[in-house]
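Engineer: Provided below for reference: sequence and predicted model.
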Amino acid sequence: MKKIPLVVFCFSVFILQSCLKDKLTHTYTLFIPVYKSKDEVYANIKSNPPRTIESPGKIFLYGNYVFLNETDKGVHIIDNSDPAKPVEKAFIDIPGNLDIAVKGNILYADMYKDLLVIDISNPLQAKFLKYVPNIFPERYYPGGFIADNSRIIVDWIKKDTTVNLLQPSGNYIVYGAFLQSSVGAVPTAAPSIPGISGSMARFTIVNDHIYAVNNHSLEPVSIANPSEPIAGTLISAGFDIETIYPFKNKLFLGSMEGLYIYDISNPDNPVKEGTFTHARACDPVIADNDYAYVTLREGTSCGPTSNELDVVSVQNLQLPSLIKTYAMTGPYGLAKDNNLLFVCDGKDGLKMYDATNPPNIILKKHVIGLETYDAIAWNRNLIVVAKDGLYQFDYSDPNDLIQRSKLTVNR
Amino acid sequence: MKLIFAIAVLCMAISGNAQSKITFSSQNYVGLLEGEQGSKFQLQTINGMRNRTWFVGLGTGIDWYYRRSIPAFLSVNKDFFRRGNRNFFIATDAGINFPWRDDKNYNVWGYVVEKSIPGFYGEAGLGYKVGIGKTNDAVLIQLAYSYKHIREKVKNIYYYPGIMIVSLQPEVVTDRFDYYLRRLSLKLGWNF
């Protein structure tokens, strides 16, 4: 009988100890990749039924069509015969797609590290022709995620997850959203429309070459035969390169450290001609004969710099020099047509300047209420990619912007 | 809190039906909390009404265990095995555990805390009371199981599963850490 209290005591201690264990949990969002075989993916790279725009990215004009990148998903084909009434016609599924460009009847699009060649002779019956592997070798997944290279990730399933936390760790495979916007336009069906790259583009076409930038390199790809791209030699081009913009026989590379100017007189072998350095910032750039316009934006990966528009003289390409700095709110892409300069100032909307005198540009119109990323200005029609949609403005009046249409984003 | 006050009033009303003498009573404790996260101090004051063998009060204090916090709770005690001016009592507390601070400038697991959120607080235990003289003064000692919950929301920047691209809009989202903390509570107090 005397043993009973001892048994009760031991049992109590056992129960109490199990009750005294702390529990720490971490609740977060986990993204799980959805894979498909390569054959399945290639078979689906064609004009499929249109889908809603959710995360608009880069854009280009092709005759009466606008091609709009859906970030990481593919390309929307939009009939823009009437800019006041654009109509979504089809969607090309390209997982991992961010950039697009056109030469002739060929659409070039990236799919993760590869460059795809797609026949768009009839944009509503696009056909996948081939791919060139590893044109974008520096791409990686954040969070240390390593994909199965034998298959292709076509989607991600978002799932809220709670795990017991055994030790301090913040290294989960979690992802969120980038919105990527840019503009690129190349003529084919309508010869009057020139090829125009947006300021956020990471590859562009100049004559018979695609020039693609990676984080530290520039790669020329010959498209003398448009359906048979031939990769050239990778050139070490600088640090933290973000964008590429062509003007005449020059390439302007925007990096977080500054602006690099490359001469492409020999198209297979770009040669660095000048450098303009600035504080670390996100840095798209456009240029004309005498000036380059660079927007600097602070950001998570870009550093805590100021938000501004720099006007840089490139009359002496070997020695670009800062002419003037204009304060901005959080600028992204920009576009220019004749003396009108358009700046996408993020949450502060769209700004139109008279840049007749670059050292003293004058704000002519400020459109607020849209969060803008990039724009292309052509033939008095300004196409603007914004967080909530694809806008088109008439800028015939140099003092005013009149909205023609908006294709709304549905998230 | 409204619910706690309502329950307190209800308990007092119930006990009041059979009452012969309702007196104000205050219990003030210092103690130790022992658990997986080590040993930490605690301070408590519980103030309420006593009717015969029942005590109902509202308590608060400071709890230094793992994340410092301020519990606010309803406390109900029942005396038994009374021998002279000594007796055992059962004590139960239930309420809300408020975080000590709601700032945004400290790190948890490498994240910046955006907000600390109150959670449940509860305690149940056995006590022993030794009266002193003919007053209501008494020394209290109590051993209890104690539980508190804290939730912290932290900022996290999520990146799209794509790529090295020009970052335009990293999405800032909120993750959550929950701490379910279970301890042994040993308290020494003064009742008046």
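Structural biologist: Thanks, I have the structure now.

Engineer: Any idea how far apart the tips of stretch B:126-135 sit?
Structural biologist: 23 Å (Cα to Cα, to the nearest Å).

Engineer: Strands of chain B, start to end?
Structural biologist: B:22-35, B:38-51, B:54-63, B:69-83, B:86-99, B:107-108, B:111-117, B:119-131, B:138-158, B:171-191 (DSSP state E).

Engineer: What distance do you get for the residue nearest the centre of chain B to residue B:34?
Structural biologist: Closest residue to the average C-alpha location of chain B: residue B:71 at 3.7 Å, with Cα atoms, centre = their mean. As for residue B:71, its distance to residue B:34 is 17 Å (criterion: Cβ to Cβ, to the nearest Å). To be clear about C-beta, it is placed using only N, CA and C from the backbone, and glycine gets the same treatment.

Engineer: Point to the helix or strand of the chain where mean pLDDT is at its lowest.
Structural biologist: Looking at chain A here, since you left the chain open. strand A:182-185 (a mean of 25; mean pLDDT, DSSP states H and E).

Engineer: wait, is residue A:40 part of a helix?
Structural biologist: Yes. Under DSSP: H, G, I helix; E, B strand; the rest coil, residue A:40 sits within a helix.

Engineer: Can you give me the pLDDT of it?
Structural biologist: In this prediction, residue A:40 carries a pLDDT score of 95.

Engineer: now do the one 10 residues further on
Structural biologist: Confidence per residue is given as pLDDT, and for residue A:50 that number is 95.

Engineer: what's it in contact with, if anything?
Structural biologist: If you count contacts by Cβ atoms under 8 Å, 6 or more residues apart in numbering or on different chains, residue A:50 has them with A:76-77, A:88-91.

Engineer: Does residue A:278 touch residue A:306 like I think?
Structural biologist: No. Look at residue A:278 against residue A:306 with Cβ atoms under 8 Å: they stay out of range, at 9.9 Å.

Engineer: Please work out how many residues are found near the nearest residue to residue A:79 once chain neighbours are set aside.
Structural biologist: Leaving out its chain neighbours, the residue that sits closest to residue A:79 by Cβ to Cβ, 6 or more residues apart in numbering or on different chains is residue A:87, at 4.5 Å. Using other Cβ atoms under 10 Å in any protein chain shown, the number of residues around residue A:87 comes to 12.

Engineer: same question, residue B:60
Structural biologist: 15.

Engineer: how close does the closest residue to it other than its chain neighbours get to residue B:93?
Structural biologist: Excluding the flanking residues, the one nearest residue B:60 by Cβ to Cβ, 6+ apart is residue B:72, at 4.9 Å. Residue B:72 sits at a distance of 10 Å from residue B:93 (criterion: Cβ to Cβ).

Engineer: Give the residues shared as contacts by these two.
Structural biologist: Counting by Cβ under 8 Å, 6+ apart, the residues touching both residue B:72 and residue B:93 are B:59, B:121.

Engineer: Neighbour count for those two, which is higher?
Structural biologist: Taking neighbours as other Cβ under 10 Å, residue B:72 and residue B:93 compare with residue B:93 leading, 23 against 16.

Engineer: my read: that one touches residue B:63, true?
Structural biologist: No. Using Cβ under 8 Å, residue B:93 is not in contact with residue B:63; the gap is 11.4 Å.

Engineer: between these two, what contacts are shared?
Structural biologist: Joint contacts of residue B:93 and residue B:63 (Cβ under 8 Å, 6+ apart) are residue B:71.

Engineer: which element is the closest residue to residue A:270 other than its chain neighbours on?
Structural biologist: The shortest distance from residue A:270 to any non-neighbouring residue, by Cβ to Cβ, 6+ apart, is to residue A:262 (4.2 Å). According to DSSP states H and E, residue A:262 maps onto strand A:258-263.

Engineer: what's in contact with the helix or strand immediately after that strand in the chain?
Structural biologist: Once the chain leaves strand A:258-263, the next helix or strand it forms, by DSSP H and E, is strand A:271-277. If you take Cβ under 8 Å, 6+ apart as the criterion, strand A:271-277 is touched by A:237-238, A:250, A:257-263, A:265, A:292, A:294, A:312, A:314, A:316-322.

Engineer: Emit the ChimeraX select command for whichever of the contacts of residue A:50 are buried.
Structural biologist: Those of these that count as buried under 16 or more other Cβ atoms under 10 Å in any protein chain shown are selected in ChimeraX with:
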select /A:76,77,88,89,90,91
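
Engineer: what's the pLDDT at residue 104?
Structural biologist: Using chain A. pLDDT, read off for residue A:104, is 82.

Engineer: I was after chain B.
Structural biologist: 56.
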